[in-house]
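>>> okay, sequence plus prediction incoming.
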Protein chains: 2
Amino acid sequence: MAFFIKKLAVIGVGLIGGSLARSLRDQALVGEVVGVNRSRSALEKALALGVIDHGTTSATEAVQGATLVVIATPVRSIAPMVAHIAPFLSPGAVVTDVGSVKQSVVRECEEALAAADNKGGKCHFVGGHPIAGREHVGVEHSFATLFAGSRTILTPSAHTAHDALELVRLVWEATGSYVEIMDAAYHDQVLAATSHLPHLMAYSVVNTLSDLEDQIRAEVFRYAAGGFRDFTRIASSDPSMWRDICLENRTAILAILTRFRQDVDRLMEQIASGNGDALYGIFARSKSTRDRILAENKILKG
Amino acid sequence: MAFFIKKLAVIGVGLIGGSLARSLRDQALVGEVVGVNRSRSALEKALALGVIDHGTTSATEAVQGATLVVIATPVRSIAPMVAHIAPFLSPGAVVTDVGSVKQSVVRECEEALAAADNKGGKCHFVGGHPIAGREHVGVEHSFATLFAGSRTILTPSAHTAHDALELVRLVWEATGSYVEIMDAAYHDQVLAATSHLPHLMAYSVVNTLSDLEDQIRAEVFRYAAGGFRDFTRIASSDPSMWRDICLENRTAILAILTRFRQDVDRLMEQIASGNGDALYGIFARSKSTRDRILAENKILKG
């Protein structure tokens, strides 16, 4: 099924928003692309790189006449942004986001659109999450094939209009991403386990090392070698992004951390009692689980 | 200072033992190299690759006449191996190891040599740990420059003869490694923090995912993406090696895990109470610590 978006507004022109705009432009699936950013220099870069046709710091101006609005801001800004632009949306406009937490975001965005729905032409929100992070952020690192071979999760609710969901699905499929539909709460549980838990534990390991007494810390810093570098790569992510994720996905994160802490307690008991067979069992099982996870994902990048 | 080893015995011809032998042979710093392995096929590979001159499954035979004996077996086999070969060592022979735990290993090896010291010519043990692991093990992956630019820690005790320590230091420096001298107990604390803690937490995260209910596990497996792959790479290490490390370095590992668990508890409290400022502080501090650690290690590979 083909589609054409006459006017696309991208609010937050960074790695994700910029890559999406590039992909759709390259395929001539959009007419005009308006980029919104608080930073004028990001807009200038995006213009110079041909990612957008126009740039503005005014979201309310940008969304007027847009058929699709993509909110690619930090997670905690998504719902406030939707509330802010809602009165200025064109009737029937579809609004979607790329946030990594969905339940709270979808609920608040739907409420914001419903509250502003006073012009007769209902607007629609579709929660989305393209799983395609990179270490380097910013529009200067965006590229049209970022999403090729990745997965994108869409989290429609009982209120989501069929046509709105289909448009957003087609947009992500056009970028080369595999789209899957998931309940928002379930999405948050899955991401808490696969993404939030590893990130938080990488941060925690580094923090534990920071806390060591001054003398041993010097050696600890010097002997943190290759394994440490890989293991803690994700602890170099943006701190404000992870603060927001913790605040927005509190319940699912606390649930998985509680399980994790029980597993650590059990590991410590086996070490303390010198139970070699139990320890071997834990490590062997973990190794085989990891190998199966990687086998299952080898067709995908991400 | 130059050195020449007339006969080198390498017990355990794998990645580490094989790479050490290759490096010394390539530089003509050894006369004869005898490799010992339980597996005949590993010995045949090592012979075919020119890593060793002779191969045998008998350690007691191999060490006769050797001036340097390198024990490159799993950690828990080191001290039993030293006890096994002690009566067959030539007077004045130097024995060293490459195990990643040092306090218990050094104590037991010294005891084993002292107990067998009945031929008048005292033999010497020097604890060593080249920090140079790789994902792929086995002699077929060994190469002469594995240790170039790495760090090797030597852990002499009050009983270690100066000349024995110097020989082992020269050998590792000849491979291109930076040698540092450290107290064995201190080594074990440093490694517990920089290596054992990250490995055990990577194993634990994967185990927590394995334990999830069947349904969510399917999605968890499918959405474990790039960050997860890097983070858990070290959970694909040899389970028996990590069992041994936990058993041999129990005290230091439990101490660092206790600190880590307290840090996780604190993180959970901040998430539960929605304290965004505290969460930002934790993540920002962790990111800056990691950046400093990497800056400090950028001259080194590892």
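In hand now; what should we look at? Numbers count the residues shown, from 1 in each chain, chains lettered A, B, ... in the order given.
>>> surely residue A:73 and residue A:81 touch.
Yes - the criterion here is CB atoms under 8 Å, and residue A:73 meets it with residue A:81 at 5.8 Å. Glycine gets a C-beta too; all of them are placed from N, C-alpha and C.
>>> contact partners for residue A:42?
For residue A:42, the contact set (CB atoms under 8 Å, 6 or more residues apart in numbering or on different chains) comprises A:13, A:14, A:138, A:139.
>>> what's the helix or strand for the first one?
The reference is to residue A:13. If you go by DSSP states H and E, residue A:13 is not part of any helix or strand.
>>> between residue A:73 and residue A:81, which contacts overlap?
Both residue A:73 and residue A:81 are contacted by residue A:11, under the criterion CB under 8 Å, 6+ apart.
>>> mark which of the contacts of residue A:42 are buried, thanks.
A:13, A:14, A:139 (16 or more other CB atoms under 10 Å in any protein chain shown).
>>> now do the strands in the stretch 1-150 of chain A.
A:5-11, A:30-36, A:54-56, A:68-71, A:94-97, A:124-126, A:128-131 (DSSP state E, counting those that start in this stretch).
>>> can you redo the ones you listed as a markdown table with mean pLDDT?
Converted to a markdown table, these look like this (pLDDT from 0 to 100):
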| stretch | mean pLDDT |
| --- | --- |
| strand A:5-11 | 98 |
| strand A:30-36 | 98 |
| strand A:54-56 | 97 |
| strand A:68-71 | 98 |
| strand A:94-97 | 98 |
| strand A:124-126 | 96 |
| strand A:128-131 | 95 |
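>>> and chain B, which of those strands is closest to it?
strand A:128-131 (5.4 Å; CB to the nearest CB).
>>> which residues sit against the helix or strand following that closest one?
Going down the chain from strand A:128-131, the next helix or strand is strand A:151-154, by DSSP H and E. Here strand A:151-154 makes contact (CB under 8 Å, 6+ apart) with A:102, A:126-131, A:165, A:168-169, A:172, A:175, A:177-182, A:187, A:300, A:302, B:222-223, B:225.
>>> quick check, nearest of the buried ones among the contacts of residue A:42 to residue A:285?
residue A:14 (39.2 Å; CB to CB).
>>> run the chain-centre distance for stretch A:84-97.
21 Å (CA atoms, centre = their mean, to the nearest Å).
>>> go on, stretch A:241-258?
14 Å.
>>> quick check: pLDDT value at the residue nearest the centre of chain A.
Taking CA atoms, centre = their mean, the centroid of chain A lies closest to residue A:100, which sits 3.4 Å from it. Looking at residue A:100, its pLDDT is 93.
>>> same question for the one 5 residues further on.
Per-residue confidence (pLDDT) for residue A:105: 97.
>>> pretty sure it contacts residue A:96?
No - applying CB under 8 Å, one finds residue A:105 not in contact with residue A:96, separated by 10.8 Å.
>>> more neighbours, these two?
residue A:105 (27 against 23; other CB atoms under 10 Å in any protein chain shown).
>>> how close does that one sit to chain B?
16 Å (CB to the nearest CB, to the nearest Å).
>>> what of residue A:189?
6 Å.
>>> got the contact list for that residue?
With CB under 8 Å, 6+ apart, residue A:189 has these contacts: A:252, A:255, A:256, B:216.
>>> for chain A, give me the ranges with low pLDDT.
For chain A, the stretches flagged by pLDDT under 70 are A:1, A:118-121, A:133-135, A:225-227, A:297-302.
>>> now, the contacts of strand A:151-154 that are in helices?
A:165, A:168, A:169, A:172, A:187, B:222, B:223 (DSSP state H).
>>> run a quick neighbour tally on the residue lying closest to the fourth one once chain neighbours are set aside.
The reference is to residue A:172. Nearest residue to residue A:172, sequence neighbours excluded (CB to CB, 6 or more residues apart in numbering or on different chains): residue A:152, at 4.3 Å. By other CB under 10 Å, the residues close to residue A:152 number 21.
>>> the strands of the stretch 1-150 of chain A into CSV, with extra columns for distance to chain B?
Below are these laid out as CSV (distance: least, CB to the nearest CB, whole Å):
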stretch, distance to chain B
strand A:5-11, 22
strand A:30-36, 25
strand A:54-56, 29
strand A:68-71, 20
strand A:94-97, 18
strand A:124-126, 19
strand A:128-131, 5
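>>> so which of these gets nearest residue A:207?
strand A:128-131 (26.0 Å).
>>> partners of that closest one in the sheet?
strand A:151-154 (antiparallel) (DSSP bridges).
>>> tell me which element residue A:203 falls in.
Residue A:203 belongs to helix A:197-210, assigned by DSSP H and E.
>>> can you give me the angle that helix makes with helix B:197-210?
Per axes from the mean of the first three to the mean of the last three CA atoms, to 10 degrees, the angle that helix A:197-210 makes with helix B:197-210 is 160 degrees.
>>> name the residues of stretch A:20-32 that are buried.
Neighbour-count burial for stretch A:20-32 [16+ other CB under 10 Å]: A:20, A:21, A:22, A:23, A:24, A:25, A:29, A:30.
>>> which of those sits closest to chain B?
Closest to chain B, out of all of those and judged by CB to the nearest CB, is residue A:20, at 17.9 Å.
>>> re earlier: is it possible to export the contacts of residue A:189 to TSV including neighbour count, distance to residue A:53 and secondary structure?
Formatted as TSV, those follow (neighbours: other CB atoms under 10 Å in any protein chain shown; distance: CB to CB, whole Å; DSSP: H, G, I helix; E, B strand; the rest coil):
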residue	neighbour count	distance to residue A:53	secondary structure
A:252	22	39	helix
A:255	14	44	helix
A:256	23	43	helix
B:216	14	43	helix
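>>> in a markdown table: the residues you listed, plus distance to residue A:87.
Formatted as a markdown table, the contacts of residue A:189 follow (distance: CB to CB, whole Å):
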| residue | distance to residue A:87 |
| --- | --- |
| A:252 | 32 |
| A:255 | 37 |
| A:256 | 38 |
| B:216 | 39 |
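>>> and the residues you listed, which is closest to residue B:61?
residue A:256 (54.4 Å).
>>> what parts of the stretch 51-200 of chain A come near chain B?
A:131, A:133, A:151, A:153, A:182, A:186, A:189-191, A:193-195, A:197-200 (CB under 8 Å from any CB of the partner chain).
>>> which of those residues count as buried?
Among those, those classed as buried by 16+ other CB under 10 Å are A:131, A:133, A:151, A:153, A:182, A:186, A:189-191, A:193-195, A:197-200.
>>> ok, so of these, who is nearest residue A:48?
Closest to residue A:48, out of all of those and judged by CB to CB, is residue A:133, at 24.4 Å.
>>> care to break chain A down by domain?
As given by automatic domain parsing, the domain ranges for chain A are A:5-182, A:186-296.
>>> output those domains as CSV; include the columns distance to residue B:91.
Converted to CSV, these look like this (distance: least, CB to CB, whole Å):
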stretch, distance to residue B:91
domain A:5-182, 57
domain A:186-296, 36
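>>> so which residues of the stretch 201-302 of chain A form helices?
A:214-223, A:226-231, A:239-248, A:250-272, A:276-296 (DSSP state H, counting those that start in this stretch).
>>> the third one packs against which elements?
Helices and strands in packing contact with helix A:239-248 are listed as helix A:75-85, helix A:197-210, helix B:250-272, helix B:276-296; criterion 3 or more CB pairs under 8 Å, 6 or more residues apart in numbering or on different chains; DSSP states H and E.
>>> at 10 Å what do you get?
Other elements packing on helix A:239-248 under the criterion 3 or more CB pairs under 10 Å, 6 or more residues apart in numbering or on different chains; DSSP states H and E are helix A:75-85, helix A:103-116, helix A:184-191, helix A:197-210, helix A:250-272, helix B:250-272, helix B:276-296.
>>> centre of the chain to it, how far?
11 Å.
>>> let me see the contact set for residue A:83.
A:108, A:109, A:111, A:112, A:113, A:115, A:116 (CB atoms under 10 Å, 6 or more residues apart in numbering or on different chains).
>>> closest one of these to chain B?
Among those, and counting by CB to the nearest CB, the member closest to chain B is residue A:108, at 15.5 Å.
>>> residues touching the residue nearest to the closest one when sequence neighbours are not counted, list them.
Nearest non-adjacent residue to residue A:108, counting by CB to CB, 6+ apart: residue A:79, 3.5 Å away. Going by CB under 10 Å, 6+ apart, residue A:79 touches A:71, A:97, A:99, A:104-112, A:125, A:248.
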